[in-house]
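# Return atomic coordinates for the entry below.
(chains A and B)
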Amino acid sequence: AQRVTQPEKLLSVFKGAPVELKCNYSYSGSPELFWYVQYSRQRLQLLLRHISRESIKGFTADLNKGETSFHLKKPFAQEEDSAMYYCALSGRVQGGSEKLVFGKGTKLTVNP
Amino acid sequence: NAGVTQTPKFQVLKTGQSMTLQCAQDMNHNSMYWYRQDPGMGLRLIYYSASEGTTDKGEVPNGYNVSRLNKREFSLRLESAAPSQTSVYFCASQWGRGVGGFFGQGTRLTVV
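Presented below is the predicted three-dimensional model:
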């Protein structure tokens, strides 16, 4: 079964401080992992894909297969980073369908 | 480029009423998804569809039905609405595993 766990519901940091949002996953195959961001009352936007190893808005995330983790990091948080962050996993299920499941999300607040 | 379009944006239903939430994407994506978003629960998968004519249950399918009318459209039907179905509903589509999902703007449904 596919499962994504985000252990922190809330995370509060000060502007300029480093931030790390944790994500752990469970999946028997080779996972595709993503981070999404949702600003207040807006649609979810794709932030990062593990496959592209990119840095978006200063955020990076590394897939650690040994620890089954995909933590999101930023060295210096900005107030505009305040938002809801979701970790997601896309995996193939029996029958060949592609299932996209999400964690419960972490609400990040960056204080001035 | 519209992306993923959901209608309606807001809806109030009385208990026992029925309604259909519409979703359409113009990106030629194969997979489509319906989620509900509730405080503290994150995004929970209701139903998904790998291709036209196929649908699969997600985590919370009870009380819902879906139709994948064609490659573009994936509708969600509530046959007899209940207050527990008060939520924000998101439709998403995904082309392939490594690409990630694209979301609609959401439907805010209140059942009284």
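# okay, now B:Pro8: neighbour count?
11 (other CB atoms under 10 Å in any protein chain shown). (Each C-beta comes from the backbone N, C-alpha and C, glycine too.)
# was I right about it contacting B:Thr107?
Yes - between B:Pro8 and B:Thr107 there is a contact at 6.1 Å, judged by CB atoms under 8 Å.
# intersection of neighbour lists for the two?
Residues touching both B:Pro8 and B:Thr107 (CB atoms under 8 Å, 6 or more residues apart in numbering or on different chains) are B:Leu21.
# Secondary structure class of the nearest residue to A:Ala17 once chain neighbours are set aside, three-state.
For A:Ala17, ignoring the flanking residues on the chain, the nearest one in space by CB to CB, 6 or more residues apart in numbering or on different chains is A:Ala77 at 5.6 Å. Following DSSP: H, G, I helix; E, B strand; the rest coil, A:Ala77 is assigned to coil.
# Any regions of chain B where pLDDT drops low?
By pLDDT under 70, the weakly predicted segments of chain B are B:1, B:97-98.
# How about the residues of chain B by chain A?
Applying CB under 8 Å from any CB of the partner chain, one finds that chain B approaches chain A through B:30-31, B:33, B:35, B:40-45, B:48, B:50, B:54, B:56, B:58-59, B:90, B:92, B:94, B:96-106.
# unless I'm mixing things up, A:Val110 is touching A:Tyr85, no?
No - the pair formed by A:Val110 and A:Tyr85 falls short of the contact definition of CB under 8 Å, at 11.9 Å.
# which residues does residue 106 contact?
Since you didn't name a chain, this refers to chain A. By CB under 8 Å, 6+ apart, the residues touching A:Thr106 are A:Gln6, A:Glu8, A:Lys9, A:Leu10, A:Leu11, A:Leu21, A:Lys22, A:Met84, A:Tyr85, A:Tyr86.
# Chain B was what I was after
Per CB under 8 Å, 6+ apart, neighbours of B:Gly106: A:Arg43, B:Gln6, B:Lys9, B:Gln37, B:Val88, B:Tyr89, B:Phe90.
# Just the buried ones from those residues?
Among these, those classed as buried by 16 or more other CB atoms under 10 Å in any protein chain shown are A:Arg43, B:Gln6, B:Gln37, B:Tyr89, B:Phe90.
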